[in-house]
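*Asks:* Okay, predicted coordinates and the sequence, questions at the end:
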Amino acid sequence: MKKRIEWIDIARGIAIIAVIIGHSLGNYFPGKFANFIYAFHMPIFFILSGYLYHQQDSKKLMKKSFLNLVIPYIATVCLELCIIIFSRIVPNPILAPSRAHSIKEFAVSVLYAAGADTQIGNHHIQAIGALWFLIAMFFGIQLFNQIMKLNIQKNGLIIKGSLTLLCALIGIFSARYLTLPFAIQPALLSQIFFFFGFIVKKYQLINKFGTLLIIVSMILWLIDSQFNLFGFVNAAAQNTWLAILVGMLSSMVVIKFSILLDKILSFSRTIWLKRLLKFWGSQSLLILCFHLIDLDMVQIWPVIVGKFSVVSYTFAIVCGIIYRITFASVFAVSMPKIPLLRNFYMNRQYPLKNIFKK
């Protein structure tokens with residue numbers, strides 16, 4: 001197994017915690033703080049994937065991506081279906097789905113696999129929730145691999161970059177009229193972030209991203225957060241081009257901060273925090289899946305917020321965020337000890353094919 005790059009795990013750890021925070025702001029969403037978080041917490045995953053990208057055989061990449069992205073998607077929706085059925089048989093206030101109103105509606109949502117609600121004629125299709133990211137990453141990496149494999153002799157990188165921009169444009173403008181299935185529009189939008197990550201690696205832009213650029217990026221990030229909520233799932237923002245630019249720049253700031261943390265948290269008194277961030281980052285996919293189950297199927301967060309609101313609403317939201325991080329983290333820690341389920345979520349360490357071995 002390849003040695004993991006520690007600062008990348010730290011950056012992913014920061015990003016997945018930002019995702020949980022962004023989903024747990026209650027009445028503070030929408031708002032400036034939410035805008036600040038949403039500016040980077042999705043783009044950075046695609047940028048880091050672009051940074052790590054190398055050309056691969058299409059069939060091998062599809063198989064690997066299916067096992068590592070689509071199988072966890074299937075496993076998660078199966079767990080959610082079990083919770084829906086259980087809640088019907090044993091009605092209770094804790095395991096009470098908040099998104100799916102019927103098994104049929106849930107099944108259509110799963111098959112359509114879109115992150116945003118959509119209307120087709122008289123039929124309303126419920127969003128699948130944060131799991132859209134897995135499907136978008138699956139299709140996004142296949143498309144990016146095909147673009148990067150094009151054999152273009154002259155101005156190849158410029159043409160490939162233009163193609164990723166064209167894909168992003170198609171995703172942005174089509175999303176204004178309808179929501180396509182299989183998270184196609186965020187997958188199209190992701191191309192420009194994959195390509196940016198690739199360019200960052202190719203030209204070693206992290207080393208060239210100095211103090212002045214960090215300051216300028218932070219200023220633009222703060223300006224953007226005053227009004228611009230970047231909805232990656234539906235490829236939309238009040239100013240989409242500013243959102244894309246800030247998505248790149250804010251991700252670079254987080255990357256530089258992660259590299260700094262990698263160095264300063266290596267001392268004995270702070271190594272625990274580095275290990276925690278690395279754990280969250282290395283298990284970010286698993287954490288996302290179980291965060292979604294908590295978000296859509298478990299009603300503990302509303303109870304916590306309701307109980308602690310008597311102290312202050314801000315305090316209640318902080319407690320709710322701590323709960324949600326803990327919920328997902330417990331499952332991430334426990335997963336290696338859960339036979340069968342670990343094969344679906346941790347295929348790299350526990351290959352799914354091992355289930356069928358005698």
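*Replies:* Sure, I can see it.

*Asks:* H124 looks like it's in a helix, true?
*Replies:* No - secondary structure of H124 (DSSP: H, G, I helix; E, B strand; the rest coil): strand, not part of a helix.

*Asks:* What is the burial count for it?
*Replies:* Counted with other CB atoms under 10 Å, the neighbours of H124 add up to 11. Where C-beta positions appear, they are placed from N, C-alpha and C, glycine not excepted.

*Asks:* Which strand residues bridge it?
*Replies:* Going by DSSP bridges, H124 is paired in beta bridges with Q119.

*Asks:* Can you show me the helices along the stretch 51-200 of the chain?
*Replies:* 58-65, 71-89, 103-112, 132-148, 156-174, 184-202 (DSSP state H, counting those that start in this stretch).

*Asks:* Pull out the CA atoms of the fifth one and give them to me as PDB.
*Replies:* The C-alpha atoms that make up helix 156-174 are tabulated as PDB, following Å, rounded to 0.1, in the frame of the first residue of the first chain:
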ATOM      1  CA  GLY A 156      -2.200  19.700 -25.300                       C
ATOM      2  CA  LEU A 157      -2.500  21.100 -21.800                       C
ATOM      3  CA  ILE A 158      -4.200  24.200 -22.900                       C
ATOM      4  CA  ILE A 159      -6.800  22.300 -25.000                       C
ATOM      5  CA  LYS A 160      -7.400  19.800 -22.100                       C
ATOM      6  CA  GLY A 161      -7.900  22.700 -19.700                       C
ATOM      7  CA  SER A 162     -10.300  24.300 -22.100                       C
ATOM      8  CA  LEU A 163     -12.200  21.000 -22.300                       C
ATOM      9  CA  THR A 164     -12.500  20.900 -18.500                       C
ATOM     10  CA  LEU A 165     -13.800  24.500 -18.600                       C
ATOM     11  CA  LEU A 166     -16.300  23.600 -21.300                       C
ATOM     12  CA  CYS A 167     -17.600  20.700 -19.100                       C
ATOM     13  CA  ALA A 168     -17.900  23.100 -16.100                       C
ATOM     14  CA  LEU A 169     -19.900  25.500 -18.300                       C
ATOM     15  CA  ILE A 170     -22.300  22.800 -19.400                       C
ATOM     16  CA  GLY A 171     -22.800  21.700 -15.800                       C
ATOM     17  CA  ILE A 172     -23.400  25.300 -14.700                       C
ATOM     18  CA  PHE A 173     -25.800  26.400 -17.400                       C
ATOM     19  CA  SER A 174     -27.800  23.100 -17.700                       C
END
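
*Asks:* Quick one: list the elements packing against that helix.
*Replies:* helix 132-148, helix 184-202 (3 or more CB pairs under 8 Å, 6 or more residues apart in numbering; DSSP states H and E).

*Asks:* ditto for the third one
*Replies:* For helix 103-112, the contact count by 3+ CB pairs under 8 Å, 6+ apart identifies helix 71-89, strand 123-125 as packing neighbours.

*Asks:* Please identify the deepest-packed of the helices of the stretch 51-200 of the chain.
*Replies:* Per-stretch averages of neighbours, counted by mean count of other CB atoms under 10 Å, single out helix 184-202 among those, with a mean of 24.

*Asks:* just how off-centre is that one within its chain?
*Replies:* Its chain's average C-alpha position is 14 Å from that of helix 184-202, according to CA atoms, centre = their mean, to the nearest Å.

*Asks:* got the angle between that helix and helix 156-174?
*Replies:* 150 degrees (axes from the mean of the first three to the mean of the last three CA atoms, to 10 degrees).

*Asks:* helices or strands next to helix 184-202 in the packing?
*Replies:* Against helix 184-202 (3+ CB pairs under 8 Å, 6+ apart) you get helix 43-52, helix 132-148, helix 156-174, helix 240-264.

*Asks:* helices or strands next to the second one in the packing?
*Replies:* By that I understand helix 132-148. helix 43-52, helix 58-65, helix 71-89, helix 156-174, helix 184-202, helix 284-297.

*Asks:* Quick check: which of the ones you listed is nearest to L261?
*Replies:* Across these, L261 has its closest neighbour in helix 43-52 (14.5 Å, CB to CB).

*Asks:* List the buried residues for that closest one?
*Replies:* Going by neighbour count (16 or more other CB atoms under 10 Å), the buried part of helix 43-52 is 43-51.

*Asks:* wait, which of these is closest to F227?
*Replies:* Using CB to CB, these come closest to F227 at P43, 18.0 Å.

*Asks:* Grab the nearest non-local neighbour of the closest one.
*Replies:* G247 (3.6 Å; CB to CB, 6 or more residues apart in numbering).

*Asks:* how far away is the one you found from A39?
*Replies:* Plainly put, G247 is 6 Å away from A39 if you go by CB to CB, to the nearest Å.

*Asks:* Would you mind listing where the protein has pLDDT under the threshold?
*Replies:* 1-2, 357-358 (pLDDT under 70).

*Asks:* thinking again about what came up before, name the residues contacting each of G247 and A39.
*Replies:* F230 (CB atoms under 8 Å, 6 or more residues apart in numbering).

*Asks:* between the two, which one's more packed in?
*Replies:* A39 (31 against 28).

*Asks:* Now do the phi/psi pair for that one.
*Replies:* phi -60, psi -30 (degrees, to the nearest 10).

*Asks:* re the thing from before, could I get the helices and strands packed on helix 103-112 as a markdown table with distance to I199?
*Replies:* Shown next, in a markdown table, are those (distance: least, CB to CB, whole Å):
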| stretch | distance to I199 |
| --- | --- |
| helix 71-89 | 29 |
| strand 123-125 | 36 |
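
*Asks:* Let me know whether F230 touches A39 as I believe.
*Replies:* Yes - F230 lies in contact with A39 (CB atoms under 8 Å); the separation is 5.6 Å.
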